[in-house]
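K.L.:
What would the 3D arrangement of this be:
(chains A and B)
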Amino acid sequence: MTNTPRTLFRLDYGGKIEREIARIIASFEENKFDIQHYPQRWLAIKLLESDADILERVQAMPNGAQVITLAQQGAEKIKSMLGDEVDMLTADHRYGYINGVVRQALHRPHIDRITLTDRVDDIVTHKWFGLPFFFAIMYVMFRLVIDVSAPFLDWTDAVINGPIAHLFSYLLNLVLAPAWIHSLIIDGIVAGVGGVLVFVPGLLILYFFLALLEDSGYMSRAAFVMDRFMRVVGLHGKSFIPMILGFGCAVPAIYATRTIASRRDRILTALLVPLMSCSARLPVYVVFGLAFFGTHAGTVIWAMYALGILIAMLSGMVFTRTLLKPDASSAFVLELPPYRQPSLKSVLIHMWENTREFVRKAGTVIFAASVIMWLLLNLPWGVSNQRDSYFGIVSSAISPVFAPLGFDSWETGGALVTGFIAKEIVVSTMSLIYIGGEEAAPVEPTTFSEDLIGIGQGFVEATINSGRILLNIIPGVNLVDEEKEAENTALSNALREHFTPLSAVSMLVFVLLYVPCVATLGAIKHEFGTSWAVTSAVYQTAVAWVVAFVVYQGGKLLGFG
Amino acid sequence: MLTQLLNLLENKESGLSLSEISRELNAQPSAIMSMIEMLVQKGRLIEIGPDGKHCTSCGLESDCNLLKAHGKRYVVAPRVLA
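P.N.:
This next block holds a predicted model:
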């Protein structure tokens, strides 16, 4: 075996440059210049390129000045002959060589320059298809939220009104609590707070889907798609982002308007945000939806969200032509991020943080409201009929206002008034009035371990039923009974006695549109002043009444009543 | 390659973006980027805004969101054209 001498790679820079390189290398010996550890060809090239660092080092070396002078003469000569500086010429040769090697050695498959994101965007941001796609996404989301969460809602309802209520009852009996304490805790707190907590599974699933849409990058597309429609109302797509946030909670959405430059646009957006259906209204929709529309509850709820958007658009047109005339339009620049696969961790954090806020509110505001409501329903002390209570008297006085809307009972009027504190309280008040006052049906006493087993079994059943419903969305798969009757929770049964399907829709429309909760009005006041908060409250209540009136009376005329 | 790149941009008054240059020269954007960086450093190329105007109104330069959103464009520096 013989050792072949290793040939160092040498890039040929062309005759003129190579000649100058050779001249400089020769000058190293002629000038007795010690090149030290530098490779002589490399050093010659660097001198020709006038590399500042090398020039400084060589200058400091013995006889370096002569070498530099020679190199500069060479560089000038090359520049005059080839028309460019040596470093540009050598770099050009290097890149040319690299490009040649790559072309010969690397076979690149044809890469479609249109990315998947571009292809998807062609559909979801299409001039005509973009909007139907947006509404289709919303429809599928709410169908899934309602259908998939329904078994879990039943399970939570059964747990709260079963084992948890029994446990409190048992503990109260153990300490020989007086009857009024028993009533306060079971009929007031458990019915009120529990009536709201029942919807935690639904909210978890709602926030799951909202997180998926946000993290995947679709929400930006929704704002883009809506830009055209926002312009009709004198706004642009940027205003739709706070409005999308309004699907979660209107308070952060009001503060999110700070990203909008024009004060007029900010005010108009803040007036429209509360018309987007926030998650606090969802429990009201679910209760009525499942009570009256069974498997079509998802469609009804989706319609509420769509109606909220429609009324917001129309309201924008009204404000633009009256109180808030448009100023000079500014350009809307929205960066559409590439689609990403949402991370499970991020989605879970989103779900948890938003649901935690709902649970915290249930433990504070709704807890306090439940206690106050219980007191008002039981004062003057010893009142036998809730209608004769302070709450009943005030609610009865208000209720005629709602008669043309199809729900004139004092219970409903009172529940709507309490919704001013927070929209979830409408449900907790109804639970308190309709269920809290009822005599509980006699139940077989159960042990603690039997309750635990029951909770576990109920959860497994709810999971299986949800899974079946989820699989049912696959075409050709039919694992659930489509003709399933409406839900039969205690509150649903009570509601069916007081509402018709038409008056239920009217009620939902009113809840969707009427006065924003006190926290939202506080945010508007904080950002824009009292007059705009009052405008929002008065305008929305008036619009809610008018639209609910049209729905109910129109429905009756069409024979739906 | 550098010469090709400069020749390509010489007649483009509104410049070209990185992806357009790499498409024209049939080379990977990462390879073209290093050439562009060198040419910008040498003062042969200038980064311009997406509207074809030089960004002289503010000092954001490479932090400009508008540039990021629409992509930088490059034109040959005037002294080379002359």
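
K.L.:
For the residue in the stretch 1-150 of chain A that chain B sits nearest to, report the pLDDT, please.
P.N.:
Shortest the stretch 1-150 of chain A-to-chain B distance, computed as Cβ to the nearest Cβ: residue-wise this is A:Y95, at 3.8 Å. Placement of C-beta: from N, CA and C, glycine included. Looking at A:Y95, its pLDDT stands at 86.

K.L.:
That one sits in which helix or strand?
P.N.:
Using DSSP states H and E, the element containing A:Y95 is helix A:86-105.

K.L.:
Was I right to think A:D147 contacts A:I469?
P.N.:
Yes - the pair A:D147 / A:I469 is scored as a contact, 4.8 Å apart, by Cβ atoms under 8 Å.

K.L.:
re the thing from before, who's the closest spatial neighbour of the residue of the stretch 1-150 of chain A closest to chain B, skipping the chain neighbours?
P.N.:
Distance criterion Cβ to Cβ, 6 or more residues apart in numbering or on different chains; nearest residue to A:Y95, sequence neighbours excluded, is B:M1 at 3.8 Å.

K.L.:
burial count for that neighbour?
P.N.:
Residues near B:M1, counting by other Cβ atoms under 10 Å in any protein chain shown, number 20.

K.L.:
I'd say it and A:D92 touch.
P.N.:
Yes - B:M1 lies in contact with A:D92 (Cβ under 8 Å); the separation is 6.3 Å.

K.L.:
coming back round to it: give me every residue that touches the residue nearest to A:Y95.
P.N.:
A:92, A:95-96, A:98-99, B:25, B:27, B:35 (Cβ atoms under 8 Å, 6 or more residues apart in numbering or on different chains).

K.L.:
My guess is the residue of the stretch 1-150 of chain A closest to chain B contacts B:T3. True?
P.N.:
No - the criterion here is Cβ under 8 Å, and A:Y95 misses it with B:T3 at 9.5 Å.

K.L.:
between these two, which one's more packed in?
P.N.:
More crowded of A:Y95 and B:T3, by other Cβ under 10 Å: A:Y95, with 21 against 13.

K.L.:
mind checking which helix or strand the closest residue to A:F459 other than its chain neighbours is in?
P.N.:
Leaving out its chain neighbours, the residue that sits closest to A:F459 by Cβ to Cβ, 6+ apart is A:W155, at 6.0 Å. Using DSSP H and E, the element containing A:W155 is helix A:130-159.

K.L.:
sorry, back to before: need the contact list for the residue of the stretch 1-150 of chain A closest to chain B.
P.N.:
With Cβ under 8 Å, 6+ apart, A:Y95 has these contacts: B:1-2, B:31, B:35.

K.L.:
how about a cut-off of 10 Å?
P.N.:
A:Y95 makes contact with B:1-5, B:27, B:31-32, B:34-35, B:38, according to Cβ atoms under 10 Å, 6 or more residues apart in numbering or on different chains.

K.L.:
what about the residue of the stretch 351-500 of chain A found nearest chain B, distance to A:I366?
P.N.:
Closest contact between the stretch 351-500 of chain A and chain B, by Cβ to the nearest Cβ, is at A:E353 (27.6 Å). Separation of A:E353 from A:I366 (Cβ to Cβ, to the nearest Å): 19 Å.

K.L.:
Who has more neighbours out of these two?
P.N.:
Neighbour comparison, A:E353 and A:I366: the larger count goes to A:I366, with 29 against 11 (by other Cβ under 10 Å).

K.L.:
Surely the more buried one touches A:A191?
P.N.:
No - judged on Cβ atoms under 10 Å, A:I366 makes no contact with A:A191 at a distance of 11.3 Å.

K.L.:
so what's in contact with those two at the same time?
P.N.:
Going by Cβ under 10 Å, 6+ apart, residues that sit against A:I366 and also against A:A191 are A:373, A:428-429.

K.L.:
which residue ranges form the helices in chain B?
P.N.:
For chain B, applying DSSP state H gives helices covering B:2-10, B:18-25, B:29-41, B:65-70, B:78-81.

K.L.:
Send me stretch A:283-296 as PDB with only the CA atoms.
P.N.:
Extracted in PDB, the C-alpha atoms of stretch A:283-296 (Å, rounded to 0.1, in the frame of the first residue of the first chain):
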ATOM      1  CA  PRO A 283     -75.100  28.600  30.700                       C
ATOM      2  CA  VAL A 284     -78.400  30.400  29.900                       C
ATOM      3  CA  TYR A 285     -78.300  29.200  26.300                       C
ATOM      4  CA  VAL A 286     -77.500  25.600  27.300                       C
ATOM      5  CA  VAL A 287     -80.200  25.400  29.900                       C
ATOM      6  CA  PHE A 288     -82.900  26.700  27.500                       C
ATOM      7  CA  GLY A 289     -81.300  24.900  24.500                       C
ATOM      8  CA  LEU A 290     -81.300  21.500  26.100                       C
ATOM      9  CA  ALA A 291     -84.700  22.100  27.700                       C
ATOM     10  CA  PHE A 292     -86.500  23.000  24.500                       C
ATOM     11  CA  PHE A 293     -84.500  22.000  21.500                       C
ATOM     12  CA  GLY A 294     -82.800  18.700  22.500                       C
ATOM     13  CA  THR A 295     -80.400  17.600  19.700                       C
ATOM     14  CA  HIS A 296     -80.900  21.000  17.900                       C
END
